[in-house]
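> Coordinates for the following, if possible.
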Amino acid sequence: MESEGVSRPLIHEHVMVPWNDLGKGDCCGRFQGISDGYYCKICDFFVHKNCGDSSECIQHPSHPAHTLKLVTKRDRFCDLCGRFSDIFYHCEICDFDVDIYCARYPPPEVLDISETHHHKLTLLKKSPSSENTDLNRFDCAKCGFEFEAEGGFPYICHECDLALHVDCIWIPPEAKLLSKVNHSYHPLHPLKLHIGKPPDYSDGKCRLCAREIDDRLFYHCSACNFSLDMRCVFNTPQQSVMDLKVHAHQLTLLPRLDSFTCNACGLKGDRSPYVCFQCGFMIHQECFSLPRVININRHDHRVSRTSVLGIVNSVCGVCRQKVDWIWGGYSCQRCPQYVVHSKCATRKEVWNGKELEGVPEETEDIEPYVKIDDNTIQHFSHKEHYLRFHDNGLLLEEDKRCSACTHPICLQAFYGCIDCDFTLHQNCAKSPRKKWHVLHNDRLTLVTSVADDYFHCHACCRMSNGFMYQCGYMKLDVLCGSVSEPFVHPSHPQHPLYYIPSEERHKCHGCNNNRLSSPMLTCIESGCGYVLCFHCATLPQVVKHRVDDHPLLLFYGEEAKGKYWCDICEKEMYPKIWFYTSKDDRASLHTQCVMGDFSGIMPGTTIKFFSESYEVLLNNSISRPVCSVCELRCIVPIILKRLSGTSDLYICSFHCLYKEKRYLPK
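Numbering: from 1, shown residues only. Modelled structure (predicted):
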């Protein structure tokens, strides 16, 4: 089935392989009566051959005035059939779009198929859910699916008051499918082409691959309650397989409903495994394609597939659930106790889809500094001078800040430049130049200069112009980039925290927010439910503020009666939410008032916001300036000053910054 890679840059970004499959094409969203095509293993993307070989420009009878050009990722509706697609022939002059299927097989305006319906059918060039038609109350008379859910223009019969999907009533002769097929895995009866929903008595799944039948077209035997989806009909799984990388003996497909446990992934199956009759080995069909050697974003080393993990009382490095040692999975050759379930290791949010068997492992130096002596280093971000170690930040003036995280040095150990003002917290100086992170599938690189003046951290949403970990769109500040599993936080020392992606909302125990877009660190112990957002997880434990001569400590909330008041903003506090307090508990302060929105921006620098330049200032004058937007005294430690204009205009928060842009004179 496989041969040399085929490049079709007009259709897909990756190299594909020739593929024989009569499944629905990701190119046009339809089934076609051909089996040749191209397949991308990285994206699980299948293209029909005639779609993949499409010309870059065409003349089309539906739009004869101008040439149409092939474009991808437009996410538009076809002007001929009304269906949504992302591969089109497009006219830039008229903004006219024809999807790649209708460009080849345009649906006729009037359809006269007497054997199907005794009246002529008219293509309604209008969405059934539009305000000017009542067709949204109809289900398709052929397949039973609602028009509003399916989309696309309908064929309608004005005399019978019915509607049908274009694909249900009209299939061009070149693309027609066989009405019956004889299949080797069901020799008793021919399978009939079925259009619509699976019968109520069936489980709605393909007998061989267990995929849900949700494409309206499939083959079915009602006498045996046997269904096959289009892929398994025309790209039939091999009856027997001999692959020494999977198993030492020949495997045979058993096309029946039977419960089993897959030896490769340890999960249950309910049908059609490959079986070794010699030793009882059983495997899901999809587990044949499990990669041999991969990188996952939860571990610094490669992990390799093994048929028997053999490590007793171990837990999965991704889901943190127990791993049964008698089944297959992934393990690290360098870390003997590190194992991962097969399905967890190959999840799309964990693995980047790259098979690394036979690919040499990268050996570049990722150490951030060279050790000169016991107290001196040369950091890669500051090669011109040496940095000397100091074990107490009190040796520096109060406003000295780390160039990596931009936070004050405060009481922490740090490295300071012998010849200039450059400083790094000890922990920030140790940040590796490249690393894997739970929030991204590819390795991140430590970037020490921000080309765009500042960036927003993907994990905590803070604005920063310090060091960042970056790969493509993913940008993490050094604090969030340093988070790794298991993550132990002083607020919850009894259990470690892990990043477990979830579609559910969880309230952060630090700030009480439950933003769905914010990644969360979770305690997996049964009944605990402790959750932290990355913003709270990376708040400094000790800070200095002008409100108190002593360092302020991060306090993790308390059950308290009565009212608390913030000593900075003088507004009421909620003691269950984290706050900063002085050592003698005489002061209580909102974390937001102590840190402010611009805590990640280095004072003394200049940033641009919507083409406007702002100077970043420490708010340490005796008389605090007034914000030009909210007209209140700026209480946060770092503020912005607009550089244009004759008068001094100060900004104290994100809210004011966005609001200020709205009222800028044109």
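> Following element in sequence after the lowest-mean-pLDDT helix or strand in the chain, please.
Ranked by mean pLDDT, DSSP states H and E, the weakest helix or strand in the chain is helix 147-150, scoring a mean of 58. Elements were assigned by DSSP states H and E; along the chain past helix 147-150, the next helix or strand is strand 154-157.
> what comes into contact with that next one?
111, 117, 119-124, 128, 135, 138, 140, 147, 162-166, 169-170 (CB atoms under 8 Å, 6 or more residues apart in numbering). Glycine gets a C-beta too; all of them are placed from N, C-alpha and C.
> Equivalent analysis for stretch 370-380, please.
368-369, 386-389, 415, 418, 424, 429, 433, 448.
> Between the two ends of it, how far is it?
Using CA to CA, to the nearest Å, the end-to-end distance of stretch 370-380 comes out at 8 Å.
> list the buried ones in that stretch?
377, 379 (16 or more other CB atoms under 10 Å).
> got the buried residues for the lengthiest strand in the chain?
The residue-count maximum for a strand in the chain (DSSP state E) belongs to strand 63-77. Neighbour counts over strand 63-77 (16+ other CB under 10 Å) mark 63, 68, 70-72, 77 as buried.
> Quick check: of the residues you listed, which lies closest to residue 661?
Nearest to residue 661 among the buried residues of strand 63-77, counting by CB to CB, is residue 71 at 33.3 Å.
> Identify the residues contacting that closest one.
Contact partners of residue 71, counting by CB under 8 Å, 6+ apart, are 87-90.
> Dump the residues you listed to CSV, plus neighbour count, distance to residue 373 and pLDDT.
Output for the contacts of residue 71, formatted as CSV (neighbours: other CB atoms under 10 Å; distance: CB to CB, whole Å; pLDDT from 0 to 100):
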residue, neighbour count, distance to residue 373, pLDDT
87, 25, 61, 87
88, 25, 64, 88
89, 26, 68, 91
90, 18, 65, 91
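> Quick one: the strands in the stretch 201-350 of the chain, in order.
For the stretch 201-350 of the chain, the strands defined by DSSP state E, counting those that start in this stretch cover 217-221, 226-228, 240-241, 251-253, 257-261, 268-271, 274-275, 282-283, 293-294, 303-306, 314-315, 322-323, 329-331, 339-340.
> Can you add mean pLDDT and give these back as JSON lines?
Below are the strands of the stretch 201-350 of the chain laid out as JSON lines (pLDDT from 0 to 100):
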{"stretch": "strand 217-221", "mean pLDDT": "87"}
{"stretch": "strand 226-228", "mean pLDDT": "91"}
{"stretch": "strand 240-241", "mean pLDDT": "88"}
{"stretch": "strand 251-253", "mean pLDDT": "92"}
{"stretch": "strand 257-261", "mean pLDDT": "89"}
{"stretch": "strand 268-271", "mean pLDDT": "89"}
{"stretch": "strand 274-275", "mean pLDDT": "93"}
{"stretch": "strand 282-283", "mean pLDDT": "92"}
{"stretch": "strand 293-294", "mean pLDDT": "93"}
{"stretch": "strand 303-306", "mean pLDDT": "91"}
{"stretch": "strand 314-315", "mean pLDDT": "88"}
{"stretch": "strand 322-323", "mean pLDDT": "88"}
{"stretch": "strand 329-331", "mean pLDDT": "92"}
{"stretch": "strand 339-340", "mean pLDDT": "92"}
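> For residue 496, which of the ones you listed is the nearest?
Going by CB to CB, the one of the strands of the stretch 201-350 of the chain nearest residue 496 is strand 314-315, 11.4 Å.
> So what touches that closest one?
For strand 314-315, contacts defined as CB under 8 Å, 6+ apart pick out 321-323, 325, 337, 339.
> are any of those buried, and which?
Neighbour-count burial (16+ other CB under 10 Å) is assigned, among the contacts of strand 314-315, to 323, 339.
> now, which of the contacts of strand 314-315 sits nearest residue 282?
For the contacts of strand 314-315, the nearest to residue 282 is residue 325 (17.5 Å; CB to CB).
> my read: the closest one touches residue 312, true?
Yes. The pair residue 325 and residue 312 qualifies as a contact (CB atoms under 8 Å) at a distance of 5.2 Å.
> Give me the contact list for the helix or strand where residue 98 lies.
Using DSSP H and E, residue 98 maps to strand 96-99. The list of residues contacting strand 96-99 from outside it, by CB under 8 Å, 6+ apart, reads 28-29, 60, 62-63, 66, 68, 74, 76-81, 83, 85, 87-91, 106.
> Let me see the mean pLDDT of that strand.
Here strand 96-99 scores 90 as its mean pLDDT.
> and what of stretch 455-470?
The predicted model assigns stretch 455-470 a mean pLDDT of 92.
> do the same with stretch 521-537
pLDDT averaged over stretch 521-537 gives 89.
> Between the two ends of that stretch, what distance do you get?
8 Å.
> Off-centre distance for it?
20 Å (CA atoms, centre = their mean, to the nearest Å).
> Quick one: the helices in this structure, in order.
Taking DSSP state H, the helices of the chain run over residues 49-52, 100-104, 147-150, 166-169, 230-234, 342-345, 426-429, 478-481, 534-537, 591-595, 654-662.
> now, which of the buried residues of strand 63-77 sits nearest residue 280?
Set against residue 280, the nearest of the buried residues of strand 63-77 by CB to CB is residue 72 (47.7 Å).
> residues in contact with that closest one?
For residue 72, the contacting residues are 10-11, 86-88, by CB under 8 Å, 6+ apart.
> try 6 Å
Residue 72 makes contacts with residue 87, as judged by CB atoms under 6 Å, 6 or more residues apart in numbering.
> For the residue nearest the centre of the chain, which non-adjacent residue is closest in space?
Most central in the chain under CA atoms, centre = their mean is residue 349, positioned 6.0 Å from the mean C-alpha point. Among residues not flanking residue 349 along the chain, residue 501 sits closest, at 5.6 Å (CB to CB, 6 or more residues apart in numbering).
> From the centre of this structure, point out the most distant residue.
residue 118 (50.1 Å).
> distance of that one from residue 160?
Residue 118 sits 9 Å away from residue 160, going by CB to CB, to the nearest Å.
> Quick one: end-to-end length of stretch 56-72, please.
For stretch 56-72, the end-to-end distance is 11 Å (CA to CA).
> To clarify, my last question referred to stretch 107-124.
Termini of stretch 107-124 sit 11 Å apart (CA to CA).
> ok, and what's touching it?
81, 153-157, 159, 166, 170.
> pLDDT and neighbour count added to the residues you listed, as TSV?
TSV is the format used below for those (pLDDT from 0 to 100; neighbours: other CB atoms under 10 Å):
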residue	pLDDT	neighbour count
81	85	25
153	84	24
154	86	28
155	87	27
156	88	21
157	87	18
159	84	10
166	83	23
170	78	18
